[in-house]
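# quick one, what's the 3D model for this:
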Amino acid sequence: MASLGFGTRRLRYGPGAHQVGELLRPDGPSRGVVVVLHGGFWRAHRTLEMTAPAAAELTRRGWDTWNVEYRRAGQGTWEDTLADCAAAVDHVAALAESHGLDPGRVFLLGHSAGGHLAAWCAGRAAVAERAGHPPPAVRIRGVVTAGGVLDLVAGARAGTGDSAVAQFLGGPPDAVPARYADADPTLRLPTGVPVRCVHSRADERVPFSQSERYVTAAVAAGDDVRLLAATGPHTGAIHVGSPDWDVVTAALGELGQPHG
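Next comes the predicted model:
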């Protein structure tokens, strides 16, 4: 366990090289735990360093943050990616025991492909209940996606991210429909978890329609989901100090209200 400054600890949530996260603790009372999932279209060139500044700023604002890594392209399958993110979220239960976190106030923040992973994790409890399986170890209180890839079928057909979706799942929707059924957040509704989708029409990497389609489907399914308009580029929502970052932090604050 190595100290990285600002009260940060790099910890393992599994035995693999990429099954690690950075835990940051605020100096005073905690508002809750935010699990941060970075993007990069599920490819190995992006790491948790992408969201490290955002995690640090959230900690300055009073949140415990758990900025996690996971297996990406060339490091594992799409199933491994999803399993790692699920394990990282569930590991908050262990962190609650060892570091005094509040397991009853856990929120997710995901950017780009991390938005997909956050929305997918939000559906785990509801999917387990519908299948008659035990619930996940940690209950999610709310999710914020930022420029999220939330409709994988539409993303694959549009070639979003230089065909990133089809590469991630190993084929187009018509060729591997069961994989899309398992991995696509839009096909796993309702989740029963409040979600705020921050997205900009100026997003040059992930179309605004990705969040529009997810929100429309989620609301129709009865979920508490809202689309919050940003104005900047794709990375604006995780750029500390930008107007879009303010939208993200306000959304987390709203979800974190005791009776919100």
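# okay, CA-based contacts and neighbour counts for the rest of this
Noted.
# can you report how many residues lie near residue 241?
12 (other CA atoms under 10 Å).
# could you measure from it over to residue 247?
11 Å (CA to CA, to the nearest Å).
# cool, and residue 198?
Noted for residue 198: a distance of 7 Å to residue 247, by CA to CA.
# between those two, what contacts are shared?
Residues touching both residue 198 and residue 247 by CA atoms under 8 Å, 6 or more residues apart in numbering: 228, 230, 237.
# quick one: buried residues of the helix or strand residue 161 falls within?
Per DSSP states H and E, residue 161 falls inside helix 160-169. By neighbour count on 16 or more other CA atoms under 10 Å, the buried set for helix 160-169 is 160-161, 163-169.
# how about stretch 16-23?
Buried, per 16+ other CA under 10 Å, within stretch 16-23: 18-23.
# out of the residues you listed, list just those in strands.
Using DSSP state E, the members of those that fall in strands are 20-23.
# for those residues, which two are the farthest from each other?
Distances among these were taken as CA to CA; the most separated pair is 20 and 23, at 9.8 Å.
# overlap in contacts, the two.
Joint contacts of residue 20 and residue 23 (CA under 8 Å, 6+ apart) are 10-11.
# for stretch 232-246, what is the distance to the chain centroid?
Stretch 232-246 sits 16 Å away from the centroid of its parent chain (CA atoms, centre = their mean, to the nearest Å).
# what does stretch 139-156 give?
Distance, centroid of stretch 139-156 to centroid of chain: 7 Å (CA atoms, centre = their mean).
# and if you look at stretch 168-183?
How far stretch 168-183 lies from its chain's middle: 20 Å, per CA atoms, centre = their mean.
# contact partners of it?
Counting by CA under 8 Å, 6+ apart, 42, 73, 77-78, 82, 120, 152-153, 156-157, 166, 187-188 sit against stretch 168-183.
# may I have the secondary structure class of residue 67?
strand (DSSP: H, G, I helix; E, B strand; the rest coil).
# ok, now residue 110?
strand.
# tally of neighbours for it?
There are 27 residues near residue 110, going by other CA under 10 Å.
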